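Student: Here is a sequence together with a model predicted from it:
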Amino acid sequence: MSGRERRTPARVPASTYRFQVSKELDLHEVARLATYVHDLGADWLYLSPLLAAEPGSTHGYDVVAHDHLDPDRGGEEGLAAVAARARELGLGVLVDIVPNHVGVATPAEDPWWWDVLRHGREAEHAPAFDVDWDTAGQRLRIPVVGDDDLLPDGGVGHLTLVEGPAERGGLELHYWDQAFPVAPGTASGVDDDPQAVHARQHYELVDWHRADDDLNYRRFFAVNTLAAVRVEEPEVFADTHVEIRRWFREGLVDGLRVDHPDGLRDPKGYLDDLARLTEGAYVLVEKILEPGEGLPASWATEGTTGYDALALVDRVLVDPAGEQPLTDLEARLRGGPVDFHAMVHDLKREVADGLLGSEVARIVRDLRRDVPRLDRARGEDAVAELLACFPVYRSYLSTTERDGEEHLDAALADARARRPDLAATYDVVEPWLRDPSCDGARRFQQTSGMVMAKGVEDCAFYRTSRLTSLNEVGGDPSVFSLTVDGFHEAMVVRQRDWPHAMTTLSTHDTKRGEDVRARIHVLAEAPEGWAAALDRLLDLVPLPDPGFANLLWQAVVGAWPASTGPAPGGDFRERLHGYAMKAMREAGDRTTWTEPDEDYEAAVHAAVDAALDRDDVQRVLHEVLAWTVDPGWSNALAAKLVALTMPGVPDVYQGSELWEQSLVDPDNRRPVDHELRRSMLAAGPGALVGGLEDPGTAKLHLVSTALRLRRDRPELFTTYAGVPATGEAADHVLAFDRGGAITVATRLPLGLRTRGGWGGTTLDLPEGAWRDLLTNRVSNGSLESLLSTYPVALLVKED
């Protein structure tokens, strides 16, 4: 991609600190913590969604109303307190927004959804939702009915009529404890028969299994309780952004993070609308880019939320020499070679035929309105195959842009090659899928990302275990490592095209915390050692699926707390069991959420308990920890400094200024002890001596030093150039100059230790005297001296 042209927002953060705002950590608490964030060195507060959400929501992505903030999260007063304190400290405020969908798990909590259920297609808010009324007799299908409540006559068990609050319309239809409205005039003359009343409603409560192939409203992925919103309609955009508009009008917020733009019908159009509403404020998009894919240059955004940067940082710290041995181990464990891309295709096809079958059917219904001769069954087969072949999340064809059409070309070529029997069908649909004025083409673009996410992030990532630190959102596990030169080349492009995009290492959606991945990276430096240890673990604790066992034991090693002494206490056991449950059910090949295999799950949980209870198992684990912990901390510090100083706007996810060893959500959304961090920051880097119980003193020192430099000396971070090294250990250092600030990071630390250290390896520093801000020592370029205290350094030229 060539250089892009866009007016830079009036205010751009030097860095951000992400808070997961909740009832426990509400906006008033964020306002109190703003001083800590400022002292840490971060430039902006970065907040998770704030609008009114489902009762008890822990994350806020299930918005139920767009005209007020969530009271449990602090409400309007809380945001005002945050904004006021931020202004006093010179901080900015970045807020996560959710334009794609709303929460409908509790219909009465979402007034728009309640209105549509009560009044149907003619409801005031019906245009806000993406409903295909014509396919279901003008009724909205709600898949909530359990197997035991499907009556032989087609009725629904456990339906009752209840007098509800007057403000909700009075009479309600209840299925167990779920309340639904009753349309005016539909309860008369039926002798209070709930079955008869149900038959007269604008909605139909149906078997929950029908969500896969018979739903008629668009969802967020396959989540039935998140209904998509049509923000492409001007009135809907205005109504869903009324509170967001107020934030900018009153100067409460400085920027926005847009959740899941790929679900929108027209992401570019939406971002243009948002730019007008915010008068060109700083905006980021949660866009997942596949390797080699670029963000459309015409979008009104400063870039992505950083998963693409995360993938590069991880891979430059992975030893390429470990690729073949770990590939061989994976093949041995799984009974044959693992072709990741073939697996992805097949899993995406399963998703298109199963979980998202309703969406595929609707694409074909849309196409058939333009092409009546298209056979429904063959059309669904062809579209499902095309979705499985799509190489990225989606394309962005519009009446003015053709962004991503090359990916549609590739998908069509692949689908035709795989399914020559569908050649005639592709001849029919291809011109319509290329036509952005066609409803089927637009819906196809909205759906391909769903299929990718469900097939890859939520399934394939749990079925491959070669090196699980690479199984991360925004990454491709088949891309094993990145050279230093490759990293430099990517950073030059990033500095040129997206200098204000976010960089990150941990988020509320990462599969493993940054320091879990940093430790797992070490396995690539000693693949034979890991293979031997894994074989011993499998002998001690046999599991039905050795390939999944590899994934599980890597998680145990990566998440094991800093101490390598006795088995960890606290909630570690519960956390590992939670991870194991999610991982094996998401993999979906041996057990699933809806059809669990009790024997298989019991065996996996027994392995978790064995890790914590059996001395023979712990002996093996401690042997692995003995050679992974210290190199893992080295990798962790290297990754953190690189992410904080590379081109872009670095984000520190809540708590990750200390060791961050969480696993997949909800583990990565646990409460953070900010008081501990505040006291450690105030005490300074020398207050705690690194050791078994050190929660990350060195990391906190690194984070605060780098953040303060980025905030206070922005002129040192305006360009990018690699800094070469000379000597026998030159391959073990990654160094770059940002225009006056030089980052130095150790890579492949286990191999460096094995070869005896840095020896005479030196950095080719630019002229002048360079001082390391972490140790306050002047460097002559000798890496043995420079990195004798920490495995990283941050150099600035002496004035």
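Tutor: Ah, there it is. Because the structure is predicted, anything quoted here is derived from the model rather than measured.
Student: can we go C-alpha only for contacts and neighbour counts from here?
Tutor: Noted.
Student: what residue ranges in the stretch 451-600 of the chain are flagged as low confidence?
Tutor: 563-566 (pLDDT under 70).
Student: Equivalent analysis for the chain, please.
Tutor: Filtered on pLDDT under 70, the chain yields the residue ranges 1-6, 563-566, 686-693.
Student: Report back the residue of it that's furthest from centre.
Tutor: Ranked by distance from the centre of the chain (CA atoms, centre = their mean), the top residue is residue 189, with 51.7 Å.
Student: how close does that one sit to residue 589?
Tutor: Relative to residue 589, residue 189 is positioned 51 Å away (CA to CA, to the nearest Å).
Student: likewise residue 608?
Tutor: 20 Å.
Student: Which one's more surrounded, these two?
Tutor: Taking neighbours as other CA atoms under 10 Å, residue 608 and residue 589 compare with residue 608 leading, 21 against 12.
Student: circling back to that earlier point, do you know how far the residue farthest from the centre of the chain is from residue 169?
Tutor: 19 Å.
Student: try residue 107
Tutor: From residue 107 over to residue 169 the distance is 13 Å, taken as CA to CA.
Student: more neighbours, these two?
Tutor: Shown here are residue 107 and residue 169; by other CA under 10 Å, residue 107 has more neighbours (21 against 16).
Student: Identify the residue spatially nearest to the more buried one, adjacent ones excluded.
Tutor: Spatially, and ignoring its direct neighbours in sequence, residue 107 is nearest to residue 114 (5.5 Å; CA to CA, 6 or more residues apart in numbering).
Student: Quick check on that neighbour: phi, psi?
Tutor: Backbone torsions of residue 114, given as degrees, to the nearest 10, read phi -60, psi -40.
Student: how close does it get to residue 527?
Tutor: Here residue 114 is placed at a distance of 56 Å from residue 527 (CA to CA).
Student: State the number of residues packed around residue 250.
Tutor: As a burial measure, residue 250 scores 10 neighbours (other CA under 10 Å).
Student: ok, it - contacts?
Tutor: By CA atoms under 8 Å, 6 or more residues apart in numbering, the contact list for residue 250 is empty.
Student: from here on, count from 50
Tutor: From this message on, residue numbering opens at 50, which makes the last subject residue 299.
Student: What's the separation between it and residue 126?
Tutor: Applying CA to CA, the value for residue 299 to residue 126 is 13 Å.
Student: Repeat that for residue 694.
Tutor: Taking CA to CA, one finds residue 694 at 35 Å from residue 126.
Student: More neighbours: which of the two?
Tutor: More neighbours surround residue 694 than the other of residue 694 and residue 126, with 24 against 13 (other CA under 10 Å).
Student: I'd assumed residue 789 was in contact with that one.
Tutor: No. Contact criterion CA atoms under 8 Å: residue 694 and residue 789 do not qualify, at 11.5 Å.
Student: Common neighbours of these two, please.
Tutor: Counting by CA under 8 Å, 6+ apart, the shared contacts of residue 694 and residue 789 are residue 766.
Student: out of residue 163 and residue 576, which sits in the busier spot?
Tutor: Between residue 163 and residue 576, residue 163 has the larger neighbour count (other CA under 10 Å), namely 23 against 20.
Student: To which secondary structure element type does the residue farthest from the centre of the chain belong?
Tutor: Here residue 238 takes the coil state, with states given by DSSP: H, G, I helix; E, B strand; the rest coil.
Student: ok, now which ones touch it?
Tutor: With contacts defined as CA under 8 Å, 6+ apart, residue 238 has no neighbours.
Student: Next one: it from residue 246, what distance?
Tutor: In terms of CA to CA, residue 238 sits 10 Å off from residue 246.
Student: got it, and residue 771?
Tutor: Counting by CA to CA, the gap from residue 771 to residue 246 is 71 Å.
Student: So between those two, which is more surrounded?
Tutor: Taking neighbours as other CA under 10 Å, residue 771 and residue 246 compare with residue 246 leading, 23 against 19.
Student: That one contacts residue 234, doesn't it?
Tutor: No. Using CA under 8 Å, residue 246 makes no contact with residue 234, being 9.9 Å away.
Student: Show me what secondary structure element comes after the lengthiest helix in the chain.
Tutor: The longest helix of the chain (DSSP state H) is helix 664-694. Next along the chain after helix 664-694, taking DSSP states H and E as the criterion, comes strand 698-702.
Student: Give the buried residues for that following strand.
Tutor: By 16 or more other CA atoms under 10 Å, the buried positions in strand 698-702 come out as 698-702.
Student: Now flag whichever of the residues you listed is closest to residue 272.
Tutor: Comparing those against residue 272 with CA to CA places residue 702 closest, at 25.8 Å.
Student: just checking, that closest one touches residue 67?
Tutor: Yes. Between residue 702 and residue 67 there is a contact under CA under 8 Å: 4.8 Å.
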